[in-house]
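**Q** 3D model of this:
(one chain, ligands or ions: 2)
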Amino acid sequence: MQTKVSVATTSRYVLNILKSFKASIAVMLCVAVYGGLSLSVMPYMIRIIINRVSEPSTGDLVALIALPAGIYLLTQVFLSLGYRTYDYFVTIRMIPALRAKITNEAMYTLLNQTQNYFQNNLSGNLANKINDLVSSIPEMIQIVIDRFITLSLIILFAVITLGLVNIKFAALMIAWVATFVLCVAFNTRRVTELAIAWSEQGSGIIGRIVDILANFLSVQLFSAKRIEQQQLADACTDAVSKERKLQWRYFWIFMFYGVTALMLTAASLYFLIQGRVAGTVQPGDFALVLLINITIMDQLWMIAKDYAHFSRLLGKLMQALNAILYPTDLTDKPNAGELKVTAGQITYDQVHFNYKGRDEVFRNKSVQIPAGQKVGLVGYSGGGKTTFVNLILRLYDVTAGKILIDQQDIRDVTQESLHAAIAMIPQDPVLFHRSLLDNIRYGKQTASHSDIIDAAKRARADDFIAKLPKGYETFVGERGIKLSGGQRQRVAIARAMLKNAPILILDEATSQLDSVTEGFIQDALWELMQGKTTIVIAHRLSTLLHMDRILVFDQGKIVEDGTHSELLAKRGLYKTLWDAQVGGFLPSTKHGAI
Ligand code: ADP
Ligand code: MG
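**A** Numbers count the residues shown, from 1 in each chain. Ligands and ions are numbered 1, 2, ... in the order given. Model prediction:
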């Protein structure tokens, strides 16, 4: 994935989140100012103390040094108090709440993404990105304020203090800091690039691991363990070389730091001794200059490390935002109203559609499904049946033309109201890793326990659920993996029954059931269809015998349109499909059709 999110966008995102934490940020800044100031005040007091104790004594020594010593100690007390205030406002109050806010906002953004988006992003990868946001943002804020801003202030106060002694020391310090900052600035671009490349490689590896683990059965059945391991190892080798490139950069930056810091100390000592000889430098000035030098070197050294860490975090953050803030074009219009289903008429009006980067599935398709009609869709696999219903659900937007429900363009209403009006049983339903009860309740969150059991009974799910060790409280595994396809379908049917929406769509909803169970469920489904506009994509043509109308799809086109008997009489594609299924049933026992 290419990085598209800029540093400016990233900063705006972070600042926006920080808006709710103004008090804590203010405390952080105050502590930064005080911390910066105290690191100059304390050496300055030491300078005064040393100068006074080294002078030939003219009075009470204690009285002489009482004031500077007192200021020194008080500075330290307040510094300590400042840090505890910081702990309370930042560590205890802000950061936990900040993490919660980041998680919630990121999830909000993700839940407004489209089907298309989730087909292009591995879910494990996205979960990892949220984790990256949660871990990197608080740390980056702390680095910026506690280190970068604090250090700038430390340097500012230190230069002023050194200037009070002798302008030469201030100039030396400015020269050194400027050289180092220039060195860092010069490397920023490259370091960030390297950090991003490394971080991308890292999350690519995680994504790959998630994908391999999700497909563990395939890996096993195709004896692909070695090849998967090898490919992963190659990706890891690549990550190693990317990390090393980055670390070499840091190596040279640190080397440069070490050499220049040594030069600073040597030069400072030279000027101190020279001044002492000339009588312009007092003993306390040695302490002041050397102490401040040590402080700044110490800080700048940590900063160089923080900077390295910061650029890695920035790389991670930008990459996470890049995935999460991916612009979605499928949004509600600002003034979108609720869909009002009065009858349930569905209209395809000159619809064109293609999946991104693919050939057109539909070209200028117009179909009218009158209210309450029961329509069956048949055709070869890949003919566009699922796409036809997905467009009605607005999982994708049409490229041209429009789709209307009761004369309302589905792009003019909220997606939530659209989805509330349609109950859909997908081709291959997946379930939450929650109890069966919760999974069925998903059809209607307010349903009572007995409504849920009733729906499960009508969907013939009750039989198998009753046999499970924990009944309705049984957890079904990730994506419902612990159930058979047919069992998952029955749970999905029970959900749709609970939902009881005015428009019903079944996408091969019973394809994984044996024909006996399917026969039982057909009665319940038939009952559910009463008074609703229904679209049934059929796997077994016999299930369509009672439909008002059958549409035959072939490569996106509707090639036949009529009732079962009309279409049989036409002797076209429908007849071919029908004959192939021996009276509508695929032979399901070795004795042939039931
Ligand atoms: P059917 O349900 O009739 O089997 P589909 O509507 O699923 O057919 O598919 C119609 C065509 O669109 C097929 O060529 C299929 O490969 C393609 N297609 C389906 N889903 C996607 C997708 N998410 N992205 C790209 N192409 C897709
Ligand atoms: Mg399909």
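**Q** going forward, measure contacts between C-alpha atoms and count neighbours the same way
**A** Noted.
**Q** Could you list the single helix or strand in this structure with the lowest mean pLDDT?
**A** None of the helices or strands of the chain scores lower by mean pLDDT, DSSP states H and E than helix 515-529, at a mean of 82.
**Q** other SSEs contacting it?
**A** In terms of contacts (3 or more C-alpha pairs under 8 Å, 6 or more residues apart in numbering; DSSP states H and E), helix 515-529 is packed against no helix or strand at all.
**Q** Contacts for that helix, please.
**A** 374, 458, 459, 460, 497, 500, 504, 510, 543, 588 (C-alpha atoms under 8 Å, 6 or more residues apart in numbering).
**Q** And for stretch 64-73?
**A** Identification of contacts with stretch 64-73 by C-alpha under 8 Å, 6+ apart yields 41, 42, 45, 46, 48, 49, 52, 53.
**Q** State the mean pLDDT of stretch 65-77.
**A** Average pLDDT, stretch 65-77: 94.
**Q** quick one: that stretch to chain centroid distance?
**A** 51 Å (C-alpha atoms, centre = their mean, to the nearest Å).
**Q** Format the CA atom coordinates belonging to that stretch as CSV.
**A** Written as CSV, here are the backbone C-alpha positions of stretch 65-77 (Å, rounded to 0.1, in the frame of the first residue of the first chain):
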residue,chain,number,x,y,z
ILE,A,65,24.8,30.7,51.2
ALA,A,66,21.4,30.4,52.9
LEU,A,67,19.5,32.1,50.1
PRO,A,68,21.0,30.3,47.1
ALA,A,69,20.9,27.0,48.9
GLY,A,70,17.2,27.6,49.8
ILE,A,71,16.3,28.4,46.2
TYR,A,72,18.2,25.3,45.1
LEU,A,73,16.2,23.1,47.4
LEU,A,74,12.9,24.7,46.7
THR,A,75,13.4,24.4,43.0
GLN,A,76,13.9,20.7,43.5
VAL,A,77,10.8,20.4,45.7
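**Q** how about that stretch: buried residues?
**A** In terms of neighbour count (16 or more other C-alpha atoms under 10 Å), stretch 65-77 has its buried residues at 65, 68, 69, 72, 75, 76.
**Q** between those, which is nearest residue 110?
**A** Distances from those to residue 110 were compared by C-alpha to C-alpha; the smallest belongs to residue 76, at 47.6 Å.
**Q** quick one: contacts for that closest one?
**A** If you count contacts by C-alpha under 8 Å, 6+ apart, then residue 76 has residue 38 around it.
**Q** What separation do you get for it and ligand 1?
**A** Applying C-alpha to the nearest ligand atom, to the nearest Å, the value for residue 76 to ligand 1 is 64 Å.
**Q** Remind me which helix or strand that residue belongs to.
**A** helix 61-86 (DSSP states H and E).
**Q** Next: residue 553.
**A** Using DSSP H and E, residue 553 falls in strand 549-554.
**Q** ok, and does that strand reach over to ligand 1?
**A** No. Strand 549-554 does not reach ligand 1 (C-alpha under 6 Å from any ligand atom); its nearest approach is 7.3 Å.
**Q** Make residue 1 into 50 and carry on from there
**A** OK, 50 is where the count begins now, so the last one is strand 598-603.
**Q** quick one: contacts of the very next helix or strand once past that strand?
**A** Counting by DSSP H and E, the element after strand 598-603 in chain order, helix or strand, is strand 606-611. Applying C-alpha under 8 Å, 6+ apart, the external contacts of strand 606-611 come out as 411-412, 414, 432, 598-602, 616, 621-623.
**Q** Just the CA coordinates for stretch 85-95, please, in CSV.
**A** What follows is stretch 85-95, C-alpha atoms only, in CSV (Å, rounded to 0.1, in the frame of the first residue of the first chain):
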residue,chain,number,x,y,z
GLY,A,85,13.4,23.6,31.5
LEU,A,86,13.8,26.6,33.9
SER,A,87,14.9,24.5,36.9
LEU,A,88,17.7,22.8,35.0
SER,A,89,19.3,26.2,34.6
VAL,A,90,18.4,27.6,38.0
MET,A,91,20.0,24.8,39.9
PRO,A,92,23.4,25.0,38.3
TYR,A,93,23.2,28.8,38.7
MET,A,94,22.6,28.5,42.5
ILE,A,95,25.6,26.0,42.7
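**Q** So what touches it?
**A** Outside stretch 85-95, the residues within contact range by C-alpha under 8 Å, 6+ apart are 117-118, 120-121, 124-125, 128, 199-200, 202-204, 206-207, 210, 333, 336-337, 340-341, 344.
**Q** what does the average pLDDT come to for it?
**A** Mean predicted lDDT for stretch 85-95 stands at 93.
**Q** again, but for stretch 248-266
**A** 87.
**Q** quick check, distance from it to the centre of its chain.
**A** 15 Å.
**Q** mind listing what's buried in it?
**A** 248-259, 261.
**Q** Quick one: the residues you listed as JSON lines, columns for distance to ligand 1 too.
**A** Output for those, formatted as JSON lines (distance: C-alpha to the nearest ligand atom, whole Å):
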{"residue": "248", "distance to ligand 1": "28"}
{"residue": "249", "distance to ligand 1": "25"}
{"residue": "250", "distance to ligand 1": "26"}
{"residue": "251", "distance to ligand 1": "27"}
{"residue": "252", "distance to ligand 1": "24"}
{"residue": "253", "distance to ligand 1": "22"}
{"residue": "254", "distance to ligand 1": "24"}
{"residue": "255", "distance to ligand 1": "23"}
{"residue": "256", "distance to ligand 1": "20"}
{"residue": "257", "distance to ligand 1": "20"}
{"residue": "258", "distance to ligand 1": "23"}
{"residue": "259", "distance to ligand 1": "20"}
{"residue": "261", "distance to ligand 1": "21"}
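**Q** The longest helix anywhere in the chain: what's the following helix or strand?
**A** If you go by DSSP state H, the chain has its longest helix at helix 274-327. Downstream of helix 274-327, the next assigned helix or strand under DSSP H and E is helix 332-373.
**Q** I'd like the next helix or strand past that following helix.
**A** Proceeding N to C from helix 332-373, the next assigned helix or strand is strand 395-403, under DSSP H and E.
**Q** Can you list the strands that that following strand pairs with?
**A** Strand 395-403 pairs in its sheet with strand 409-418 (antiparallel), strand 449-454 (antiparallel), by DSSP bridges.
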